[in-house]
Each structure stands twice: as structure tokens, then as C-alpha cells.
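Colleague: got a sequence here, can you build the structure:
(one chain, ligands or ions: 1)
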Amino acid sequence: MDPLKQRFYEKASALATEMKALLKEHGNTKIDEVTLSQAFGGARGIKMMIWETSQLDANEGIRFRGYSIPQLKELLPTGPDNEPKPEGLFWLMLVGEIPTAEQVDWLTDQLRERAHVPAHTFTMLDSLPVDTHPMTQFILAITAMQTDSVFARRYGEGISKADYWDPVYEDTLNMIARLPRVAAYIYRRSFHDSKHIEPDPQLDWAANYAHMLGIPDKGFQSLMRLYLTIHADHEGGNASAHTAHLVGSTLSDPYLSFAGGMTSLAGPLHGLANQEVIKWIFEMLEELGTRTPTKEQIADYVNKTLAEGKVIPGYGHAVLRQPDPRFMAQKRYAEENLADSDIVQVVWKVFDVVPGILGELGKVKNPWPNVDAHSGAILVHYGLTEYSYYTVLFGVSRALGVLAAGCWSRALGMPLERPKSLTTDWVKAFLKKQNA
Ligand code: HAX
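Modeller: Numbering: from 1, shown residues only. Model (predicted):
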């Protein structure tokens, strides 16, 4: 057994035993109450799922296995540039331990060895209209690779429940290894006349993805290490993670459950917001006829967007109530590396203007920027201007979290997810009875 798999098995076996004892003793303990507003309002805040890899605090933001993003920057093994390698975060999320540089190097090698994408995936992609949205291509490519699912094969052969975690681990590593290749292929066929770039075996996972996208700048490799780390996980309740979790609970294999998660990420209220932000900024600059708008001009444009009944993309969050630390991490990166960029400065001015305006509306619970408010401007700076591609980058990163969490779900024997739905008539009858 490989060293990561061995460690995961030890950790998961211990927690599975602990979980059984905990449920035996405290299984009927109430941890929440549900209001009608929550039932009608997108299940906000209801505690109903176990997700080991990360947890979100409304004010502090995300913590991966207890570590904040600034702590990860200090603790995780880095590339030559001082940005953490996402492989290290995956290790941390999977086994709850900060890996050594040697362990991360081992994982990078593993991913390199497992990176072969079945040829029919590319044939399938090439059969699609070239202007198919990159997220649609990404979802189809993940689904096409499902032919290689070790879990699906072993389930078909008849596997014991106790062993589900093993082929799920194999699918997880294989998929993480393959996604950059597939994602880069989609980018090059969509925007660079299918001039594909072979992987570079000298590079780590994130830098190799940057290389295959065709942006040779070392700064872009560095950005990709940061980007693919900070987008990896945001506890279990967000739409993409929750969808992957739900689909996986049916014992659909990791390819299908991850593809399901990506269909959620492709929505504009979720991951697609990263393309919407830069689209909104470009449209604003075009309408104003300048690349250096004043704060007053931006405020007028924000008010116009709101008056048209639209949301300001990149602002607001279902859980967070402070500027997203993932936004702040990107701002820190931009301040250190590209403070002179026009487009980055527009993002910072938008940050100065929007929270005040949204706050004055009185209904927006969180007027602060989320992760998607900053990423596009940095990508534009490095020449990745085709914003319809941005959510694919997010998806490659999100694989690290939801697939690690999927390993835990199968190792802990999590059952089919099946919450209860109600009709409005049921609610009315319930209230009538209450008030009788
Ligand atoms: N601009 C304008 N209005 C906003 C707003 C924004 N950025 N954020 C929230 N509101 C509005 C809501 O539309 C809602 O209005 P109505 O009552 O008229 O329907 C009201 O404020 C209350 O909403 P909320 O409780 O503060 O926010 P929700 O939990 O319902 O929604 C969203 C959270 C992220 C969906 C929301 O803030 C939004 O639409 N933001 C813009 C899109 C965006 O940036 N999405 C990415 C979020 C992060 C993420 O998942 N990234 O992948």
C-alpha cells in the first residue's frame, strides 16, 4: 500500500470506530433546530452533514483541517516561489497532517505517473462545437473518463462495503492527476486552435497545468500554486461540494459524483461568478470609455447594475460575513507581484466602493467580496483573458477538496443522503394545528 493510502487507512479506521461509539452514546442528541425560513430559504445554516476536510467560520473564513489560509502559507511545502503547493493541501485534507516536502514530492510523482487520460476523452471533446462553454466540456470530459473508474469496476465485481474507500482513493488520485491535462486541452482547443502542449515532467502539479495552458511566465506558475490551493475546499454545504457529496452517497463513482459537483459550480451564483466578475468589469470599462475609472464612476455603474435588478458579481456570501480570506490572499499576491496592473487597480477600487453601497441596501447580509471578486483581474494580467474558461480553473482546484472528502465519506460508511421535503400545504396544515 502506498504511504498516503496507508496513513489514510489508519486515520479513517480510527475515526470510523470513534464515530460508531459516539453515535451509540449520543446519536439522539439534538444539534440544531430548523425554522420555516430555513426550509424555504435554501437550507441556510442547517447542520446536516459531516465533512472532515475543512470548516467555514462566518467571520474567520475557511480553515482546512483547522489551518487558516495565512497559516497554510507558512506551513505547507512551497514551490521555488514561496507559494504553497496544492498537493500539500490535498495531503493535509486527506489525512489531517501537514506533509513534509518529501511527502509532497512523492505525491507530485504519483500524480505524474497517473496522468494518462483515456484517448476517447479527447476524441469526444474534439467532436463538440469549439464554442461549447468550457465548463460543459469539462463536465463531459470528466464523465467520459468514468470508463476508467476503479470503484465502478470493483463494485460491479462485487466488493465488500468495508473496502469501498480503497477504489475511491484510487479514482481520486487518478482523477486529480488527469484533470489539469483535460482542462488544458479544453483551453487550447477552445482558444488556441487546438495547438496542444505536452506536459513537462519536471514540473509540479500546478506549474505543469500552467505550462500546458501555454503561459510560460514563472509568475503564472506561482499564481496557479496559490489559486489551486485557495479554491480547493469550502466545507461541505456549498453547492458544488454538496452536490458531489449527494451524488457520491448513492455510490455513484467519484467521476460521476465530481461531474455532478461541477454542474453546480457552473452556476453564476456559485463558481461561474468568477467569469461574471471580469465580464462585468470589462463591460463597465467599455461603457465608461476608460481603463482607469474613478470611484465615483464605479459607484454610478454599481447603482445602475442594481437598478437593472442584477447582483454585483463577486460580492456577498451565503455564510461569510467578512471579506473572504481567499479574496485577501489574492489581494496580497497582487500587491506583492502586480500592483501596477490597471485591471487589478480597478478591482481594488471596486472593493472600496461596493461594500458601502450593498450595505446601504439593508437586505444584503454580507456586502464584502468573495473569492471570485479578485481572481479574474490577476488572470487577465498574465494573459488568460478568455473569462468563460475561469470556472474550469476553479473546478480543477475544487477536485482536491471534494474528492478527499469523498474518500472520507466512503471510509466512514456514510449512507445515502435523503433529507425530508415538505409541501406548502403541509406547512399551512402544520401551522393551523400549532395555533389551534
Ligand atoms: N449584489 C446585489 N444583491 C445581492 C448581492 C450582490 N452581490 N448579494 C446578495 N444580494 C441580495 C440577494 O439577491 C437578496 O435579494 P432579494 O431578497 O431581493 O432576493 C438579498 O441580498 C439577501 O441575500 P443574502 O441573504 O445576503 O445572500 P444569499 O445567501 O441569498 O446569496 C449569494 C448569496 C452569493 C448567492 C449572493 O450574495 C449573490 O448573488 N452574490 C453575487 C454572485 C456571487 O458572487 N456568487 C459567488 C459566491 C461565492 C461562491 O460560491 N463562489 O464560487
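
Colleague: how much space between the closest residue in space to Lys331 that isn't next to it in sequence and the ligand?
Modeller: Nearest residue to Lys331, sequence neighbours excluded (Cβ to Cβ, 6 or more residues apart in numbering): His374, at 6.0 Å. Just so you know, the C-beta spots here come from the backbone N, C-alpha and C atoms, and that holds for glycine as well. His374 is 12 Å from the ligand, where distance means Cβ to the nearest ligand atom, to the nearest Å.

Colleague: tell me which element His374 is part of?
Modeller: helix 372-381 (DSSP states H and E).

Colleague: now the helix or strand hosting Glu87, how far from the chain's geometric center?
Modeller: Using DSSP H and E, Glu87 falls within helix 86-95. Taking Cα atoms, centre = their mean, to the nearest Å, one finds helix 86-95 lying 14 Å from the centre of the chain it belongs to.

Colleague: about what we covered before: which helices and strands does the helix holding His374 pack with?
Modeller: helix 218-230, helix 273-288, helix 325-337, helix 342-361, helix 390-411 (3 or more Cβ pairs under 8 Å, 6 or more residues apart in numbering; DSSP states H and E).

Colleague: what's next to it, contact-wise?
Modeller: Outside helix 372-381, the residues within contact range by Cβ atoms under 8 Å, 6 or more residues apart in numbering are 223, 227, 271, 273-278, 281, 313-315, 324, 327, 330-331, 333-334, 338, 341, 343-344, 346-347, 350-351, 385, 387, 390, 393-394.

Colleague: from those residues, list just the buried residues.
Modeller: Buried members of those, counted by 16 or more other Cβ atoms under 10 Å: 223, 227, 271, 273-278, 281, 313-315, 324, 327, 330-331, 333-334, 338, 341, 343-344, 346-347, 350-351, 387, 390, 393-394.

Colleague: other residues contacting stretch 263-281?
Modeller: Contacts for stretch 263-281 (Cβ under 8 Å, 6+ apart): 133, 135-136, 139, 238-240, 242-243, 305, 311-314, 343, 346-347, 350, 370-373, 375-377, 379-380, 387-391, 393-395, 398.

Colleague: quick one on the thing from earlier: of the contacts of helix 372-381, list those near the ligand.
Modeller: Applying Cβ under 6 Å from any ligand atom to the contacts of helix 372-381, one finds that 271, 273, 313-315 fall near the ligand.

Colleague: I'd say Arg112 and Pro201 touch.
Modeller: Yes: Arg112 is within contact range of Pro201, at 6.1 Å (criterion: Cβ atoms under 8 Å).

Colleague: so how far is Lys11 from Gly248?
Modeller: For Gly248, the distance to Lys11 (Cβ to Cβ, to the nearest Å) stands at 19 Å.

Colleague: between those two, which one's more packed in?
Modeller: A count of neighbours by other Cβ atoms under 10 Å puts Gly248 above the other of Gly248 and Lys11, at 27 against 17.

Colleague: phi and psi next, for whichever residue of the stretch 101-250 of the chain sits closest to the ligand.
Modeller: Closest to the ligand within the stretch 101-250 of the chain is Asn238: 5.9 Å, counting by Cβ to the nearest ligand atom. Phi and psi for Asn238, reported as degrees, to the nearest 10, are phi -70, psi 160.

Colleague: how about Arg188: what's its closest non-neighbour residue?
Modeller: Nearest to Arg188 is His196, by Cβ to Cβ, 6+ apart, at 5.0 Å.

Colleague: verify the stated contact: the one you found with Ile186.
Modeller: No: using Cβ under 8 Å, His196 makes no contact with Ile186, being 10.4 Å away.

Colleague: who's more crowded, those two?
Modeller: Applying other Cβ under 10 Å to His196 and Ile186 shows that Ile186 carries more neighbours, namely 24 against 15.

Colleague: what about Thr78, distance to the ligand?
Modeller: Applying Cβ to the nearest ligand atom to Thr78 and the ligand gives a distance of 25 Å.

Colleague: the residue nearest to that residue when sequence neighbours are not counted: what's it in contact with?
Modeller: Of all residues not flanking Thr78 in the chain, Pro84 sits nearest, at 5.4 Å (Cβ to Cβ, 6+ apart). Taking Cβ under 8 Å, 6+ apart, we find Pro84 in contact with 72-73, 76-78, 225-226, 229.
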